[in-house]
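>>> sequence first, then the predicted structure:
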Amino acid sequence: MKAISAVYVTPPLVAGLAVLSEYRWERNSSGEVVSYTATLDDTSVETISCLDEPSVEGESSPVKLREILRNTHRKLSDVNITVDIPSLRSPVLTMASGMHENVKKYYSSLETGEDLQTSAACPVPSHLPLRESAREALQQVHPDVCKRFFGCGVVIPEKLKGCSVLDLGSGSGRDCYILSKLVGEDGHVTGIDMTEELVQASRKYIQYHAEKFGYARPNTVFVEGYMEKLSEAGIQNNSVDVIVSNCVMCLCPDKRAVLSEAYKVLKEGGELYFSDMYASKVVPDSFKEDPVLWGEGMAGALYWQDLISIVKELGFSTPRLVAASHIQVYSPELQKKAGDIKYASGTYRIFKLPNYSTQTKALITYKGTVPECAECFELDSSYSFKMNVAVEVDAEIAAILKYTRFSSDFVVQMTDKPNSGLSSAEQDCHLSPFWLADKLRSCVKQCSKTGKAGICGSETASGANVGAQTLQGYSVSALHL
């Protein structure tokens, strides 16, 4: 049975049709599709009858889509497919259920991070140091949890005490347990992963870490579910302060659905802080048929400019690029498969800001109160705020510092200057992980079956050395990636 994960279409393709924004069907206990529901124009829900399950591989005409809408009837189930119409791409049809199953099997079969056939998920260098609190928390994580970690270094934002945090694609639970320590006993951490074996393995160490951190009761839970369907996993809308994700969106067939769900569950002022693998151009459909390319993230890597378009369309703030590194494909076989497509790791932070956010420029003064950032707070690779030094910023940066968990750490003085900034093209350039990686002059080699990263070009733009440190035998990046 086939499940359409995402359909990327141009406006002519949907001419004369309502926009199909959600496409769902449900399977019974025998695995048979028993119902189907389509959501049109984001508001109306329409169930359309049909004789058999649609097969649209290779079909992209308005006539065929209209046929599917008119002739398909199945019952709603655990397979949720969001049809995405982002930014004038040619039709791309991907098979979600099959991809999810391939990823589950791939990662369930891995015993350690060294079993990966590339090091795309290996840590890469950054221009910022790992904060001491995160370093200490990592040292307290059980070695068996670290052993089965497949993500990208440590992806942990600042000021998490007391926060409710959600980890998308929690895997072995390593990042969740680091977060458990950082949010404190009054905070809460939820990890969600679609792989049953990893969820069960993660749960084994909940009590261990609660005792290790001196908590009277655990503050961490793990749930099995899909990032595209957080509500079905029990994650309530407007309930989360911070979402983190560590090199897993590239394993998901429908990025827009993931980001849309993240937006829904975040509280106003909440943040999505995530690291992932990005492509220099749109990855061809043929990549998606290769289970190794999928498992390693190369087939599912999002074209970085599409990320910017999608998050803006969903209502998030402009992505803030924190750190980036090139990924150099070392395996000859993977080099041949990748062709002229380049890959980079990038860490972004995006915020769910109120609709009434500021419209003019502002003077921002940092108080020096963010923990472990007494002298200087670095919002991203472009904005650094020294204590007691007023800085003029645009309206969106002002809103980020005024309406998020950082509001008490800054004095925000609004001005009457109209908001103006970089052109869209200039701004997008500064949001490219490839541009920042060039600026930092750093990259990480993909080394087949070694699970180890080699650093190329070890100087940042300012001339400072970048590198990795080893804790408990596990190589972690200097910060985020």
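Received the coordinates, thanks.

>>> what about P371, how many neighbours?
Neighbours of P371 under the rule other Cβ atoms under 10 Å: 14. In short, each C-beta sits where N, CA and C put it, glycine included.

>>> typo on my end, N419
Counted with other Cβ under 10 Å, residues neighbouring N419 total 15.

>>> wait, it sits on A362?
No: assessed by Cβ atoms under 8 Å, N419 is found out of contact with A362, at 9.4 Å.

>>> tell me the pLDDT at I156?
I156 is assigned 94 on the pLDDT scale.

>>> equivalent analysis for Q328, please.
78.

>>> now Q359
As predicted, Q359 sits at a pLDDT of 82.

>>> need the contact list for it.
Listed by Cβ atoms under 8 Å, 6 or more residues apart in numbering, the contact set of Q359 reads A395, N419.

>>> mind checking how far it is from F316?
Q359 is 18 Å from F316, where distance means Cβ to Cβ, to the nearest Å.

>>> could you pull out the helices for the chain?
62-71, 96-108, 132-140, 143-147, 174-183, 196-203, 206-212, 255-265, 291-295, 304-314, 332-338, 395-403, 424-430, 433-440 (DSSP state H).

>>> need the winner for burial among those.
Ranked by mean neighbour count, the helices of the chain are led by helix 174-183 with a mean of 27 (mean count of other Cβ atoms under 10 Å).

>>> output the contacting helices and strands for the top strand by length along the chain.
In the chain, with assignment by DSSP state E, the single longest strand is strand 266-279. Judged by 3 or more Cβ pairs under 8 Å, 6 or more residues apart in numbering; DSSP states H and E, the packing partners of strand 266-279 are strand 240-246, strand 302-303, helix 304-314, strand 343-351.

>>> cutoff 7 Å now
Judged by 3 or more Cβ pairs under 7 Å, 6 or more residues apart in numbering; DSSP states H and E, the packing partners of strand 266-279 are strand 240-246, strand 302-303, strand 343-351.

>>> which intervals of the stretch 351-481 of the chain have sub-threshold pLDDT?
357, 421-427, 442-481 (pLDDT under 70).

>>> again, only this time at 50
Applying pLDDT under 50 to the stretch 351-481 of the chain flags the ranges 445-481.

>>> what segments of it are strands?
Taking DSSP state E, counting those that start in this stretch as the criterion, the stretch 351-481 of the chain carries its strands at 360-366, 376-378, 384-386, 390-393, 410-418, 443-446, 455-456, 468-471, 474-477.

>>> the fourth one pairs with which strands?
Based on DSSP bridges, the pairing partners of strand 390-393 within the sheet are strand 360-366 (antiparallel).

>>> contacts for the partner strand, please.
377, 385-395, 398, 401, 409-419 (Cβ atoms under 7 Å, 6 or more residues apart in numbering).

>>> and the buried ones among those residues, selectable in PyMOL?
Here is the PyMOL command that picks out the buried ones among the contacts of strand 360-366, judged by 16 or more other Cβ atoms under 10 Å:
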select buried, resi 377+385+393+394+395+398+401+409+410+412
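
>>> what bits of this protein have low per-residue confidence?
Applying pLDDT under 50 to the chain picks out residues 1-28, 30-36, 38-97, 103-104, 106-110, 112-127, 445-481.
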